[in-house]
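[1] Just need the structure, nothing else, for what follows:
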Amino acid sequence: MELSERIMGIKPSATLSITSKAKAMKSEGIDVISFGAGEPDFDTPVYIKEAAKTAIDQGKTKYTISIGTLQLREAICNKLADFNNLEYKPEDIVVSNGAKHSLYNIFQAICNKDDEVVIISPYWVSYVEMVAVAGGKPVIVDALACDGFKVRLDNLAAALTDKTKAIIINSPLNPTGCVYTKEELKGIFNLLNGKGIRIISDEIYERLIYDNLECASIASLSQESKDATIIVNGVSKTYSMTGWRIGYIASTDRALTKAIKNLQDHSSSNPSSISQEAALAAITKEDNSIGEMKKEFEKRRDYMIKRIEAIDKISCVKPEGAFYCFVDVSEVNKNTLEFADKLLDDVKVAVVPGEGFGAPGFIRLSFATSMENIKEGLDRIEKWLKQ
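    Next comes the predicted model:
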């Protein structure tokens, strides 16, 4: 059977590919240390799991409306008001099957053929593919390690054209962990203001920020920035609920939210009713598990950075959020697909190559794994590099 060109053009996910290979080796009994995880290694908090069990016992197992229950959307509005200082109505919220699904829906809703979407590199691996599948044209703007992987305004300005439909801002950023300050976001918005460019703000790691840094959403700068921004968020990272698949968008553009509702009506329908009840509990009955998880991540980050700084020929900009270190190994091998494959074969350590993030010469190490694994994995990497 001949497949469609748009599907044949999708590249495999570098993050999932390396994780799959590592899991296959582990299943064969091989002692693999994996730094590939894109999810917290902590269990979903008990109060969330209990809410899901209660929902099952109460028979909340039927269809909901496709954009999510009113109760969950109201809870999301309350969260946005309390945590982000942003006022939305339930009609501004669309709940989907994870933040990835939310992003996919946005690109399907806004992109016409050859519409340009500006993506800052390094970037999360799926942005480029999602834009391309929607018929849009990804326009890559490089951000450099010497700038903390934050985009320079002159470089961003040079990428804008009359075909620019949107720009993606991811803060904290996967894979680098960089966090944009409110002043930096103001600079970006001032450059975009009045040009009719949508801002897609991926805030999935917003609660995992370290060193007492401020969490800022570009939507919170002004009414103009709020109206221009489509917020994307979810419960996956904050509450260690990756497998529950609940994400959402917040936007004052009712034409957009209606279009995405229509798309979900005819594609996925509603997110899991049980997962919605679990997400409702996560948001409204929060305990101290987030703080404990964040404290442990910060401890692991500090250890990993210290170890990396002590290893010759590699370096890393200290991540301010998320749970990744983006390590420059270009002095060893600029082809990190080759680097990662050989590292896994030689010393059974799995890392994610930078090519998938638009950054050859770098590898991503996740510290969403135990301190024991981090120590052992870095020991193996250090010994391998010396050899």
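[2] which other residues reach stretch 11-19?
    Here stretch 11-19 makes contact (Cβ atoms under 8 Å, 6 or more residues apart in numbering) with 34, 36-38, 125-126, 129, 337, 340, 344, 350-353, 355-357, 364. Any C-beta I mention is one placed from the backbone N, CA and C, and that applies to glycine too.
[3] how about the helices in the stretch 251-387 of the chain?
    Secondary structure of the stretch 251-387 of the chain, counting by DSSP state H, counting those that start in this stretch: helices at 254-265, 273-284, 289-309, 336-347, 371-386.
[4] Could you say which of those helices is packed most deeply?
    The highest average neighbour count among the helices of the stretch 251-387 of the chain, using mean count of other Cβ atoms under 10 Å, belongs to helix 273-284 at a mean of 22.
[5] any idea of the angle that helix forms with helix 289-309?
    80 degrees (axes from the mean of the first three to the mean of the last three Cα atoms, to 10 degrees).
[6] Which elements pack onto helix 273-284?
    The contact analysis (3 or more Cβ pairs under 8 Å, 6 or more residues apart in numbering; DSSP states H and E) places helix 273-284 against helix 46-57, helix 70-84.
[7] Report the buried residues of the longest one.
    Read it as helix 70-84. For helix 70-84, a neighbour-count test (16 or more other Cβ atoms under 10 Å) marks 72, 73, 75, 76, 77, 79, 80, 84 as buried.
[8] ok, residues contacting that helix?
    The contact list for helix 70-84 (Cβ under 8 Å, 6+ apart) reads 67, 86-90, 92-93, 95, 206, 215, 217, 219-220, 231, 248, 250, 276, 279-280, 283-284.
[9] Which among the residues you listed count as buried?
    Among the contacts of helix 70-84, the ones that count as buried (16+ other Cβ under 10 Å) are 67, 86, 88, 90, 92-93, 95, 206, 215, 217, 219-220, 231, 248, 250, 276, 279-280, 283.
[10] which one is residue 69 nearest to, not counting chain neighbours?
    Using Cβ to Cβ, 6 or more residues apart in numbering and skipping residues adjacent in sequence, the residue nearest residue 69 is residue 276, 5.5 Å away.
[11] which residues touch that neighbour?
    Neighbours of residue 276 in contact, by Cβ under 8 Å, 6+ apart: 64, 68, 69, 72, 95, 246, 270.
[12] Over to residue 304?
    The contact partners of residue 304, by Cβ under 8 Å, 6+ apart, come to 325, 365, 367, 374, 378.
[13] Adding pLDDT, write those out as CSV.
    Formatted as CSV, the contacts of residue 304 follow (pLDDT from 0 to 100):
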residue, pLDDT
325, 98
365, 98
367, 98
374, 98
378, 98
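[14] low-scoring stretches of the stretch 201-350 of the chain, by residue?
    Filtered on pLDDT under 70, the stretch 201-350 of the chain yields no residues whatsoever.
[15] Residue 167 - that's part of a helix, no?
    No - under DSSP: H, G, I helix; E, B strand; the rest coil, residue 167 sits outside any helix and is assigned strand.
[16] pretty sure it contacts residue 199?
    Yes - assessed by Cβ atoms under 8 Å, residue 167 is found in contact with residue 199 at 5.8 Å.
[17] picking up where we left off before, what about the contacts of residue 276, which one has the most neighbours?
    residue 246 (28 neighbours; other Cβ atoms under 10 Å).
[18] Please tell me how far the residue nearest to that residue when sequence neighbours are not counted sits from residue 331.
    Nearest non-adjacent residue to residue 246, counting by Cβ to Cβ, 6+ apart: residue 279, 4.3 Å away. Separation of residue 279 from residue 331 (Cβ to Cβ, to the nearest Å): 44 Å.
[19] still on that earlier bit, a markdown table please, covering the helices and strands packed on helix 273-284 and showing distance to residue 141 and mean pLDDT.
    Formatted as a markdown table, these follow (distance: least, Cβ to Cβ, whole Å; pLDDT from 0 to 100):
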| stretch | distance to residue 141 | mean pLDDT |
| --- | --- | --- |
| helix 46-57 | 38 | 98 |
| helix 70-84 | 26 | 98 |
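[20] Any chance of those helices in CSV with distance to residue 151 as columns?
    Shown next, in CSV, are these (distance: least, Cβ to Cβ, whole Å):
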stretch, distance to residue 151
helix 46-57, 36
helix 70-84, 22
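[21] Other residues contacting stretch 53-67?
    Stretch 53-67 is contacted by residues 73, 93-95, 257, 260-261, 264-265, 268-271, 273-274, 276-278 when judged by Cβ under 8 Å, 6+ apart.
[22] Cool, thanks, talk later.
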